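In: output the structure for:
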Amino acid sequence: MFAKLARTGFMISVLAVAGCNEKSVADFVPQGANKQLPEKILAEMRSKGMNREAPIVGRIFKEENVVEVWKQKTNGRYDIIATYPICRYSGKLGPKYTEGDRQAPEGFYTVRPGQMNPKSGYHLSFNIGYPNAYDRANGRTGSNLMVHGACSSSGCYSMNDPQIEEIYAFARDAFKGGQTEFQIQAYPFRMTAANMARYRNDPNYEFWKMLKVGYDNFEITKVPPKVDVCEKRYVFNQVAPDGQKFNPTGACPTSTTPDPLKVAYANYQKNYDAAFASAMNGSTPAPKASIAGIKEAKLVSDWTKRRARGERITIDPPSMNHDGSVTENTTRMGRIDSPAGRKMAALEAEQAAKKKAEEEKRAAILAAKAEKERAKAEALAAKEAAKNKASEPAETLTAQVQPAPEVPVEDEGRLSKMKKKLLGMFGG
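Out: Numbering: from 1, shown residues only. Coordinates of the predicted model:
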């Protein structure tokens, strides 16, 4: 049923066999990027009816941490040939919004020979083509988003070196066979009914529903979908009337879907709806964290700029919860080890030393003032004590020298008479 559709889809999916139109294979495959695919993979290709230089398509699933390589068979349809674990990807589930938000992109991207970089600082790499027409139409920014080696990421999909060598070899052989560009489909997770039910309350759900149409088209046909953008949204396998084009920011033209695909998609959707309804009532794993839209993207972008300037900030970027609250791990602080970071550290150390010197100067002035006040108070106290001591002897003398009490005249006469009497009695 899909043999003709596969051939037609292959032709309209911009994966047609033709000469490289940007750089020759030799231009982007110097020595060091010529590792050959292992015999085990070559044997599996032969068993699946694949030519070594047949076209490829890549699929990325964040939640499952895998990159899949699919290769075209002689009947025009694609089959999976290799799966690689992602060593690390940056950010959370959800699309990339802005430069510096550290989000690995989600969507449909195109890789051409000129995007291959065998001299990458990350061993080997290829740029996935972000921003694409959809991203630009929606004002999304960013650059140099790659799949690369070295297991280190700040917005990319990073693999171990042996893995990127094999993925690179798949692309090299396909370009050598005449494929002009291959498609990368980047998803948050496998877009099954169970997973869509799990994430039905996520703020990115509508975006993911849009990606799911392209996912479903590939699942049905096993041919990379023709991807266009109009009205700022993706559309898949749509055929516009002659002379009409898809304008990413303009109205979508009146388009049609090939009849075999239309019928197959209707049946697929019927089964999906039943599975989705069943999954709504089932017990499923808790959803993983996802980006809370442009607000969180700007928050992380600001953190990235401060980090690049060498400021001392939280080791991990801030995270915005879906209720609008922000989570920051302030117990882990640091700065990037770079010329900017070292310059900022030296500047802050100089400012800290200057501040400390000023504080010490102020403290010394205050201490000197306090000492002066203390000395003044002691001088006043001593003066008062001396004054008190000088007045103390005069008061004592006055107390000791008292006038003799006067004897009344009447008492004095009585005493004289008594004295004479006594003298007479004793012959005095």
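
In: contacting residues around the helix or strand containing Lys295?
Out: Per DSSP states H and E: Lys295 is located in helix 293-308. Helix 293-308 has contacts (Cβ atoms under 8 Å, 6 or more residues apart in numbering) with 91, 96-103, 203-204, 291, 313-314, 317-320, 324, 326, 335-336, 340. All C-beta spots, glycine's among them, are computed from the backbone N, C-alpha and C.

In: can you say which of those are buried?
Out: By neighbour count, with 16 or more other Cβ atoms under 10 Å, those hold 91, 96-103, 204, 291, 313-314, 317-320, 335-336 as buried.

In: in strands only, show me the residues you listed.
Out: In strands, defined here by DSSP state E, the members of these are Ile313, Thr314, Ser319, Met320.

In: surely Asn195 is in a helix?
Out: Yes: membership of Asn195 in a helix is supported by DSSP: H, G, I helix; E, B strand; the rest coil.

In: would you confirm that Thr110 contacts Gln183?
Out: Yes: if you go by Cβ atoms under 8 Å, Thr110 and Gln183 touch, sitting 6.2 Å apart.

In: settle it for me: which of those two has more neighbours?
Out: Gln183 (24 against 17; other Cβ atoms under 10 Å).

In: am I right that that one is in a strand?
Out: Yes: assessed with three-state DSSP, Gln183 lies in a strand.

In: can you tell me which residues contact it?
Out: So Gln183 contacts Ser13, Leu15, Val57, Gly58, Phe108, Tyr109, Thr110, Val111, Pro224, Val227 (Cβ under 8 Å, 6+ apart).

In: top of these by neighbour count?
Out: Pro224 leads the contacts of Gln183 on contacts (other Cβ under 10 Å) with 30 neighbours.

In: and the one helix or strand Leu347 maps to, how far from the chain's centre?
Out: For Leu347, the enclosing helix or strand under DSSP H and E is helix 339-400. How far helix 339-400 lies from its chain's middle: 52 Å, per Cα atoms, centre = their mean, to the nearest Å.

In: how about stretch 224-238?
Out: 29 Å.

In: now that stretch: mean pLDDT?
Out: In this model, stretch 224-238 carries a mean pLDDT of 98.

In: mind listing what's buried in that stretch?
Out: Neighbour-count burial for stretch 224-238 [16+ other Cβ under 10 Å]: 224-230, 233-238.

In: pull the CA atoms of it into PDB?
Out: Below are the C-alpha coordinates for stretch 224-238, written out as PDB (Å, rounded to 0.1, in the frame of the first residue of the first chain):
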ATOM      1  CA  PRO A 224      10.600  11.100   6.800                       C
ATOM      2  CA  PRO A 225       7.700  13.500   6.500                       C
ATOM      3  CA  LYS A 226       7.700  16.500   4.200                       C
ATOM      4  CA  VAL A 227       7.900  19.400   6.700                       C
ATOM      5  CA  ASP A 228       6.500  22.900   6.000                       C
ATOM      6  CA  VAL A 229       5.600  25.900   8.300                       C
ATOM      7  CA  CYS A 230       2.700  28.300   7.900                       C
ATOM      8  CA  GLU A 231       0.700  30.300  10.400                       C
ATOM      9  CA  LYS A 232       3.700  29.800  12.700                       C
ATOM     10  CA  ARG A 233       3.100  26.100  13.000                       C
ATOM     11  CA  TYR A 234       4.400  22.900  11.500                       C
ATOM     12  CA  VAL A 235       2.400  21.100   8.800                       C
ATOM     13  CA  PHE A 236       3.300  17.700   7.500                       C
ATOM     14  CA  ASN A 237       3.000  15.900   4.100                       C
ATOM     15  CA  GLN A 238       0.700  18.600   2.800                       C
END
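
In: quick one, what contacts Met159?
Out: Applying Cβ under 8 Å, 6+ apart, the residues contacting Met159 are Val67, Tyr84, Ile86, Cys87, Val147, His148, Gly149, Cys151, Ile167.

In: who wins for neighbours among these?
Out: Val147 (30 neighbours).

In: wait, is it part of a helix?
Out: No: counting by three-state DSSP, Val147 is not found in a helix; it is strand.

In: looking at it, Tyr157 is touching Tyr89, isn't it?
Out: Yes: using Cβ under 8 Å, Tyr157 is in contact with Tyr89, at 5.0 Å.

In: any residues in contact with both of the two?
Out: With Cβ under 8 Å, 6+ apart, Tyr157 and Tyr89 have common neighbours Ala104.

In: quick check: bridge partners of Gln185?
Out: For Gln185, the beta-bridge partners are Arg59, Phe108 (DSSP bridges).

In: got a list of what it touches?
Out: Applying Cβ under 8 Å, 6+ apart, the residues near Gln185 are Val57, Gly58, Arg59, Ile60, Phe108, Tyr109, Gly214, Tyr215, Phe218, Pro224.
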